[in-house]
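*Asks:* give me coordinates for this.
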Amino acid sequence: MSCRLTTIRAKGCLSNKTALAMVFKLVEGAQKTWRRLNGPQQLPKVIQGVKFTDGLEVVATAAA
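*Replies:* As a prediction, this is how the structure comes out:
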């Protein structure tokens with residue numbers, strides 16, 4: 001039988017408070033590389049389900 005050394009740090013140091021702090025720091029770091037959207041006025045159309053190809057709105061044409 002072997003016995004492993006278990007310290008407080010190795011046992012599971014994530015309480016609710018420390019997990020929240022860790023996520024906050026990760027998001028804070030990721031925020032430095034974020035950039036603005038190139039077409040914020042198109043966002044409502046995307047939410048409605050309008051299709052875009054290469055940044056242009058796809059207009060469905062009726063077949064004759």
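*Asks:* got the phi/psi numbers for residue 49?
*Replies:* phi 100, psi 10 (degrees, to the nearest 10).
*Asks:* give me the three-state assignment for the residue nearest to the spatial centre of the chain.
*Replies:* The centre of the chain sits closest to residue 27, judged by Cα atoms, centre = their mean, with a distance of 9.3 Å. What DSSP: H, G, I helix; E, B strand; the rest coil gives for residue 27 is helix.
*Asks:* then the one 5 residues further on?
*Replies:* At residue 32, secondary structure determined by three-state DSSP is helix.
*Asks:* distance check, it against residue 14.
*Replies:* Distance from residue 32 to residue 14, counting by Cβ to Cβ, to the nearest Å: 24 Å. (Each C-beta comes from the backbone N, C-alpha and C, glycine too.)
*Asks:* all helices of the chain, in order?
*Replies:* Assigned by DSSP state H, the chain shows helices spanning 8-12, 16-30, 43-48.
*Asks:* give me the distance between residue 33 and residue 47.
*Replies:* 25 Å.
*Asks:* cool, residue 25 as well?
*Replies:* Taking Cβ to Cβ, one finds residue 25 at 31 Å from residue 47.
*Asks:* can you give me phi and psi for the closest residue to residue 39 other than its chain neighbours?
*Replies:* Nearest non-adjacent residue to residue 39, counting by Cβ to Cβ, 6 or more residues apart in numbering: residue 55, 7.2 Å away. Per-residue torsions, residue 55: phi 80, psi 0 (degrees, to the nearest 10).
*Asks:* give me the pLDDT for residue 55.
*Replies:* Note for residue 55: predicted pLDDT of 79.
*Asks:* my guess is residue 42 meets residue 51, correct?
*Replies:* No: with contact defined as Cβ atoms under 8 Å, residue 42 does not reach residue 51; the gap is 11.7 Å.
*Asks:* shared neighbours of these two, anything?
*Replies:* Residues touching both residue 42 and residue 51 (Cβ atoms under 8 Å, 6 or more residues apart in numbering) are residue 57.
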